[in-house]
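Student: requesting a structural model of the entry that follows:
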Amino acid sequence: MTQEEMLTHVDHTLLTQTAAWDDIKQILDDAMKYNVASACIPASYVKEAVDYVDGKLAICTVIGFPNGYATTASKVFMAKDAVNNGAKEVDMVINIGWLKDKKYDELEAEIKAIKEAVGSLVLKVIIETCLLTNEEKIKMCEIVTKAGADYIKTSTGFSTAGATFDDVKLFSEHVGENVKIKAAGGIASLDDAYKFLELGADRLGTSRIVKLVKGQEATGY
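Tutor: Model prediction:
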């Protein structure tokens, strides 16, 4: 896989609390320059970002982020609002407490409701793997598949750890054939990016990979 091909799998991400428009604009400019899959930004900037990129880039945003314990109704509203503002992809966080409580029907119903809200657009389901047992991760592979989401995603990047090779491998062994995998959180090197894709990830949520490529260009290495 070439570097250019690898970049087409990147969701170039900026979700820090202090992100201002100048920061977002730089992310968008870099995302368009390097032909990444999308730019993942805070919901409050989606409409402005959509206008700025003018169809040249898919805009992704997050809902129920980063803790996941908002009500289903509020998550559905946020998803509809994001879509109305022009987002093409939505990354939601599950209610981890419900998973610990074994409220599997509620989890599936919530994902289904949010998928209905985004329709044919892309829904990625963040399960925050660092807080889960392997049994819980496998159960979420089953629930995400049954609920009809497009992706299962490892992490928010705001908890105790991010994506691991083992988790992506586990996902690849247990998700349905129509569910893709997004690795996110802590992807810090180009070698790691390639490895995650080799293990079965289709998307990489990262703020660093494009910066590393830019650094290579600047130094000539």
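Student: buried stuff in the worst-scoring helix or strand of the chain on mean pLDDT?
Tutor: When the helices and strands of the chain are compared on mean pLDDT, DSSP states H and E, helix 209-219 comes out lowest with a mean of 89. Residues 209, 210, 213 are the ones in helix 209-219 that count as buried (16 or more other CB atoms under 10 Å). Using the backbone N, CA and C atoms, a C-beta is placed for each residue, glycine as well.
Student: which strands or helices does that helix pack on?
Tutor: When contacts are defined as 3 or more CB pairs under 8 Å, 6 or more residues apart in numbering; DSSP states H and E, helix 209-219 packs onto helix 3-7, strand 10-13, helix 21-33, helix 190-199.
Student: in this structure, where is pLDDT below threshold?
Tutor: 221 (pLDDT under 70).
Student: center of it, which residue is that?
Tutor: With distances taken as CA atoms, centre = their mean, residue 91 lies nearest the centre of the chain, 5.1 Å away.
Student: quick check: it touching residue 60?
Tutor: Yes. The pair residue 91 and residue 60 passes the contact test of CB atoms under 8 Å, sitting 6.3 Å apart.
Student: identify the contacts common to the two.
Tutor: Any residue near both residue 91 and residue 60 by CB atoms under 8 Å, 6 or more residues apart in numbering counts here, and that gives residue 40.
Student: in JSON lines, list the helices and strands packed on helix 209-219 along with mean neighbour count and distance to residue 80.
Tutor: Formatted as JSON lines, these follow (neighbours: other CB atoms under 10 Å; distance: least, CB to CB, whole Å):
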{"stretch": "helix 3-7", "mean neighbour count": "14", "distance to residue 80": "31"}
{"stretch": "strand 10-13", "mean neighbour count": "26", "distance to residue 80": "21"}
{"stretch": "helix 21-33", "mean neighbour count": "16", "distance to residue 80": "22"}
{"stretch": "helix 190-199", "mean neighbour count": "17", "distance to residue 80": "31"}
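Student: on that earlier part again, element containing the residue nearest to the centre of the chain, please.
Tutor: Taking DSSP states H and E as the definition, one finds residue 91 inside strand 89-93.
Student: swap in residue 75?
Tutor: Going by DSSP H and E, residue 75 is part of helix 72-84.
Student: which other helices and strands contact that helix?
Tutor: Using 3+ CB pairs under 8 Å, 6+ apart: helix 72-84 touches strand 59-63, strand 89-93, helix 104-118.
Student: what about 10 Å?
Tutor: helix 46-53, strand 59-63, strand 89-93, helix 104-118 (3 or more CB pairs under 10 Å, 6 or more residues apart in numbering; DSSP states H and E).
Student: what angle do helix 104-118 and the third one make with each other?
Tutor: In this structure, strand 89-93 runs at an angle of 160 degrees to helix 104-118, with axes from the mean of the first three to the mean of the last three CA atoms, to 10 degrees as the basis.
Student: quick one: strand 89-93 to chain centroid distance?
Tutor: 6 Å (CA atoms, centre = their mean, to the nearest Å).
Student: got the angle between it and helix 46-53?
Tutor: Going by the same axes, to 10 degrees, strand 89-93 makes 150 degrees with helix 46-53.
Student: kindly report the same for the second one.
Tutor: With the same axes, to 10 degrees applied, the angle from strand 59-63 to helix 46-53 works out at 170 degrees.
Student: neighbouring strands - and their directions - for strand 59-63?
Tutor: When pairing is defined by DSSP bridges, strand 59-63 lines up against strand 38-41 (parallel), strand 89-93 (parallel).
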